[in-house]
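Colleague: Sequence plus predicted model, see below.
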Amino acid sequence: MTKISILGCGWLGLPLAKAMITKGFSVNGSTTSTEKLSILEESGINPFLININRNAENPPFGKSTSGQIEAFLNESTILIIDIPPKLRGENADSFVDKIAFLIPLIEKSTIEKVLFISSTSVYGESDLLITEETKPDADTESGKQLIIAEELLHSNTNFKTTVLRFGGLIGEDRNPIKFLSGKENVENPDAPINFIHQDDCIGIILKIIESDSWNETFNGVTPFHPTREEYYTQKAIEKELTPPKFNHEKESFKKVISSAKIETALGYSFLKKRF
């Protein structure tokens, strides 16, 4: 039985782990919350408490943390890294440092393949059609650190790495309209949305593993691109919320992110074509 380790069993990682177990994989899963350990165990996941930050151990991260990760990686051949950069607040850490800390531990482990969950924020704002051939040019600190983290993993020859850049994550319990409802002067009304549903995130990850597609980079965005104003207004109506009011004074960015490579190279068909 193939064992997979998922670093970060949160909004995406937990249902992903459950889906992998139904496919016959053995799964090690990590969480930063002691309360969540029982949830992982009840779901059939081998639970690990791993919190990679400078405040948990002696700088940079400490021997205790290393030992936890070594056990977490033990006997797994695939590692999925699904921990988002958290660069705000007093306890903010360098995401690049976290990946740099992980790499020697991966090298010493049984891991042969790494799937790194990144973000389309590496591309920044533009008016271009974005493909995997487009050079990343982030305009946020998290996007810039993701670019460096991707390169650290891709350039390491001790294991194979595939980078999966997801667009805005949505699901049954997650939609930006909840935060935009009733707001005024919302910018970029004519900008296309570049979202992906949780079900397709899981489907694409399973497809990458099933097709053994490593040392690759993929954009994960549903080919559904209404404007922000069209989409959020419709969502507000559906959910009986107050629609946001948009600012049309500035020209909107027209960036569209293509997932054609996922459809052609992986033969993947999106489950949620509208949401």
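Modeller: Arrived safely. Residues are numbered from 1 along each chain as shown.

Colleague: Where do the helices of the stretch 151-275 of the chain begin and end?
Modeller: 177-180, 198-211, 228-238, 260-265 (DSSP state H, counting those that start in this stretch).

Colleague: Now do the first one: which elements does it pack against?
Modeller: On a contact count with 3 or more C-beta pairs under 8 Å, 6 or more residues apart in numbering; DSSP states H and E, helix 177-180 meets helix 228-238. (Each C-beta comes from the backbone N, C-alpha and C, glycine too.)

Colleague: quick one: contacts of the helix it packs on?
Modeller: By C-beta atoms under 8 Å, 6 or more residues apart in numbering, the list of residues contacting helix 228-238 from outside reads 175-177, 180-181, 186, 188-193, 226, 241-244, 246, 252.

Colleague: Buried among the residues you listed? Make that a PyMOL selection.
Modeller: To isolate the buried ones among these in PyMOL, judged by 16 or more other C-beta atoms under 10 Å, type:
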select buried, resi 175+176+177+180+181+188+189+191+192+193+241+243+244+246+252
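
Colleague: re the thing from before, out of the helices of the stretch 151-275 of the chain, which gets nearest to Pro85?
Modeller: helix 198-211 (17.6 Å; C-beta to C-beta).

Colleague: any idea how far that closest one is from the chain center?
Modeller: Relative to the mean C-alpha coordinate of its chain, helix 198-211 is positioned 12 Å out (C-alpha atoms, centre = their mean, to the nearest Å).

Colleague: Give the buried residues for that helix.
Modeller: Gln198, Asp199, Asp200, Cys201, Ile202, Gly203, Ile204, Ile205, Leu206, Lys207, Ile208, Ile209.

Colleague: need the contact list for the fourth one.
Modeller: Same thing as Cys201. Counted by C-beta under 8 Å, 6+ apart, Cys201 has contacts Leu12, Leu16, Phe166, Leu169, Gly220.

Colleague: Which member of those is positioned nearest Val122?
Modeller: Phe166 (10.9 Å).

Colleague: what about the closest one, distance to Glu41?
Modeller: Phe166 sits 27 Å away from Glu41, going by C-beta to C-beta, to the nearest Å.

Colleague: Would you confirm that Ile148 belongs to a helix?
Modeller: Yes. Looking at Ile148 with DSSP: H, G, I helix; E, B strand; the rest coil, it is inside a helix.

Colleague: And what about Gly29, helix, strand or coil?
Modeller: What three-state DSSP gives for Gly29 is strand.

Colleague: can the contacts of Cys201 go into JSON lines with extra columns for neighbour count, distance to Leu153 and pLDDT?
Modeller: Listed next are these as JSON lines, based on neighbours: other C-beta atoms under 10 Å; distance: C-beta to C-beta, whole Å; pLDDT from 0 to 100:
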{"residue": "Leu12", "neighbour count": "22", "distance to Leu153": "18", "pLDDT": "98"}
{"residue": "Leu16", "neighbour count": "25", "distance to Leu153": "19", "pLDDT": "98"}
{"residue": "Phe166", "neighbour count": "25", "distance to Leu153": "16", "pLDDT": "98"}
{"residue": "Leu169", "neighbour count": "19", "distance to Leu153": "21", "pLDDT": "97"}
{"residue": "Gly220", "neighbour count": "27", "distance to Leu153": "17", "pLDDT": "98"}
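
Colleague: Perfect, I'm done here.
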